[in-house]
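**Q** below: sequence and its predicted model.
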Amino acid sequence: MADEVRVVIADDADLVTARAEARAMAERLGFPRPDPTLIATAISEIARNIVVHSGGGEIVLEPFEDANRYGLIVIATDKGPGIRDVEAALRDDYSGRGGLGLGLPGARRLMDEFDLVSDAETGTTVTMKKWRYRDELARLREERGRRA
Amino acid sequence: MSVAILREGDYLIAAILSDLTDKEVLELRGELTELVGRYRSRGLVIDVSALDVIDSFVARALRAIVLTVRLRGAQTVIVGIQPDVAIALVQFRLNLGPLRVALDLDAARTLLDQLTGGEAEDGR
């Protein structure tokens, strides 16, 4: 089982590392295509938000698994000024400083779970998850059986 | 920089060879704008097959390159968008509006020949 991976996000070169680490972990965990690409793209957006809006932070990639599922948890934190209107930042038409408004709602659509906590004191934490059932086909068949 | 730029007749071919930093993406715009003028290129092909992530920044930068070199008299075709990247772009809902795309270099040349062939182009 892979351990967690930490990537310090200080400037735009760290985005390259974050994307590569995310893809590597997703592939190691057994995510089928196109999931590694979706995960790497979402992480790229979140990492760029850290560089542009807060000046620095970190991204932790954490594998998880239980009997039925495996997945990847992404926790991105920064100590920046926070996002004043989180609701608005998650809307498609929002454009904060640098016009990066597309980033958050887009990243949310690429992942299965997305959570954003932000205030001026502590900065911003984005938690995103992508998971897969171990046997997707068996699960679908089961669900179908139940419905029938 | 990890971009190979070749000249082929009236066309300029920019092949991105590896993942780029944001800074390199922005530099590419300046460089291509300059080269299109220097070589009087009428067409530009950008090969993105080495990019396994196209996020909102890269998508916006590609759009900016297309619009900028158009003002310098060249049409652009993007080639080599990976299947998984295409899926991600759609799921992300990134609008690649004015981008013309082709599957590979041959298809890009054919498209550019059409785009730059007639004098009475609509200017798009």
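**A** Great, that's in hand.

**Q** look up the pLDDT of the residue nearest the centre of chain B for me, please.
**A** Geometric centre of chain B, nearest residue: B:Ile46, 3.5 Å, by Cα atoms, centre = their mean. If you check B:Ile46, the pLDDT there is 97.

**Q** mind listing what it touches?
**A** B:Ala14, B:Ile16, B:Leu32, B:Leu62, B:Ile65, B:Thr76, B:Val77, B:Ile78, B:Val79 (Cβ atoms under 8 Å, 6 or more residues apart in numbering or on different chains). From N, CA and C alone the C-beta is placed, and that goes for glycine too.

**Q** bridged to it, which residues?
**A** With DSSP bridges applied, B:Ile46 shows beta-bridge pairing to B:Ala14, B:Ile78.

**Q** burial count for residue 35?
**A** Answering for chain A, as no chain was given. Neighbours of A:Asp35 under the rule other Cβ atoms under 10 Å in any protein chain shown: 25.

**Q** could you do chain B instead?
**A** Based on other Cβ under 10 Å, the number of other residues close to B:Leu35 is 18.

**Q** go on, A:Arg84?
**A** When neighbours are counted by other Cβ under 10 Å, A:Arg84 comes out with 11.

**Q** likewise for B:Arg72?
**A** B:Arg72, neighbours per other Cβ under 10 Å, totals 16.

**Q** same question, B:Arg93
**A** B:Arg93 has 12 nearby residues by other Cβ under 10 Å.

**Q** and what of the one 10 residues further on?
**A** Residue neighbour count, defined by other Cβ under 10 Å, stands at 10 for B:Leu103.

**Q** now B:Glu34
**A** Count around B:Glu34 with other Cβ under 10 Å applied: 12.

**Q** how about the particular helix or strand that has it in it: buried residues?
**A** If you go by DSSP states H and E, B:Glu34 is part of helix B:22-38. Within helix B:22-38, the residues that count as buried by 16 or more other Cβ atoms under 10 Å in any protein chain shown are B:Asp22, B:Glu24, B:Val25, B:Leu26, B:Leu28, B:Arg29, B:Glu31, B:Leu32, B:Thr33, B:Leu35, B:Val36.

**Q** I'd assumed A:Arg134 was in contact with A:Pro32.
**A** No. With contact defined as Cβ atoms under 8 Å, A:Pro32 does not reach A:Arg134; the gap is 11.9 Å.
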